[in-house]
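Peer 1: Structure of the sequence below:
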Amino acid sequence: MDVLIATLDEARTRRHSRCRMMRSACCFVVLMMLGVASPIYADTLVLANGDTINGEIVEWAIDHVVIEHPQLGTIRLELDQLKLDTGTPPNPGLFGTRFMRGWKRRIDIGLTGERDSDNTVSLTIGWQFSYKDQFTRWRLNGRYFYNADDDDGDDDNNATADLRRDWLMPGSRWFYSLGGRYQFDDFEAWKHRITLLSGPGLHLIETDKHAFDVIVGPAFTREFGTSNANKAEGVVLVSYDWTISKRQSIDLDNLYSYEFVPDGQEWRNLTTLAWALRVTEHPAMSVSLGIQNQYDSNPDPGDDSNDFKYFLTLGLDL
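Peer 2: Now for the predicted structure:
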């Protein structure tokens, strides 16, 4: 009898041991499943008062950061609410406001000339505004040309302005772009030309010194003035920025447009190339030397296909 009781006790002990092992194994599996199913929040923000917030940073802009907290949800914080080293402070806004805070801003004014031109007074004014963070890039560039002719009084006014917004994808060479271009020319039959374009873009080269982008997509152009026209086009936009040194840079922009509707087989190309040299730091002033040429495969009667200009300007960072 004692042997039988001992055998039963041993069996119960083994059964309890197996149950404890099974319960431990189940708990381990559950914990592993919860660990896999739960997101890992590895980003930590330190507030100005020393408190911390753990979560996943989903946006880091020039003046704010957005973090996803597992319990509190989406939280947006201004950078001045955080205790961190932001490096070089962002460019302040215009006229002491927050407008265009963090943007690079430069205007320039100088002399210009045209091929085979007898104009006695030639003036150009340009502007270059740009902004970039992890997810967004804005560009607002333009140039105005004024040529006064004392012989016949036919003053020439023409201008080009570009606005482009790029949606960037961190870690990818692809992005998406939406933009527009406005052109005005006194000597053209269309007078005013507005082009809206969109399409995917590709960073062919993206380093500290070189940025080479290509954008391809459809476009719609509206011409109005003396003559009116609507055109459906395909465009290829190429931009190249070369930071030679802290003082020198070269910028190239080229927009090729091919008309599909209504006439087809007509195309135009606008190229701008500029070299800039920083001459002073306080205030930040630069000298720029550049050229601009617009080619039209079907110019107005009496006009040349090429409209070539060159300019020398002095620029000021705002």
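Peer 1: For the chain, which segments count as helices?
Peer 2: Chain-ordered helices for the chain, with DSSP state H as the definition, fall at 2-37.
Peer 1: the domain parsing of it - what is it?
Peer 2: The domain map for the chain lists 1-38, 43-81, 94-317, with the assignment taken from automatic domain parsing.
Peer 1: so where is this protein shaky, pLDDT-wise?
Peer 2: Scanning the chain for pLDDT under 70 picks out the ranges 1-42, 62, 84-90, 116-120, 149-154.
Peer 1: center of it, which residue is that?
Peer 2: Of all residues in the chain, the one closest to the mean position by CA atoms, centre = their mean is Arg137, 2.1 Å from it.
Peer 1: just to revisit the earlier point, can you say which of the domains of the chain is packed in most?
Peer 2: Taking mean count of other CB atoms under 10 Å as the contact definition, the stretch among the domains of the chain with the greatest mean neighbour count is domain 94-317, which reaches a mean of 15. For glycine as for every other residue, the C-beta is placed from the backbone atoms N, C-alpha and C.
Peer 1: what's the distance between that one and the middle of its chain?
Peer 2: Its chain's C-alpha centre lies 15 Å from the corresponding centre of domain 94-317 when counted by CA atoms, centre = their mean, to the nearest Å.
Peer 1: And it, end to end?
Peer 2: End-to-end distance for domain 94-317, by CA to CA, to the nearest Å: 11 Å.
Peer 1: Residue numbering should commence at 56 henceforth.
Peer 2: With 56 as the first residue, the last one maps to domain 149-372.
Peer 1: who's in contact with the residue nearest to the centre of the chain?
Peer 2: Residues counted as contacts of Arg192 (CB atoms under 8 Å, 6 or more residues apart in numbering) are Ser185, Tyr186, Arg220, Asp221, Leu223, Phe230.
Peer 1: from what I can see the fourth one touches Trp229, true?
Peer 2: Spelled out, it's Asp221. No: counting by CB atoms under 8 Å, Asp221 stays clear of Trp229, with 10.7 Å between them.
Peer 1: so what sits against both of these two?
Peer 2: With contacts defined as CB under 8 Å, 6+ apart, the residues adjacent to both Asp221 and Trp229 are Gly256.
Peer 1: Let me have the contacts of Arg192 in TSV, extended by distance to Ala274.
Peer 2: Listed next are the contacts of Arg192 as TSV, based on distance: CB to CB, whole Å:
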residue	distance to Ala274
Ser185	22
Tyr186	23
Arg220	15
Asp221	16
Leu223	21
Phe230	18
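Peer 1: Just the closest of those to Glu133, please.
Peer 2: Nearest to Glu133 among the contacts of Arg192: Tyr186, at 17.3 Å, using CB to CB.
Peer 1: Could you give the bridge partners of that closest one?
Peer 2: Partner residues in beta bridges with Tyr186, using DSSP bridges, are Trp193.
Peer 1: so how far is Ser227 from it?
Peer 2: For Tyr186, the distance to Ser227 equals 20 Å [CB to CB, to the nearest Å].
Peer 1: same deal with Thr99?
Peer 2: Counting by CB to CB, the gap between Thr99 and Ser227 amounts to 26 Å.
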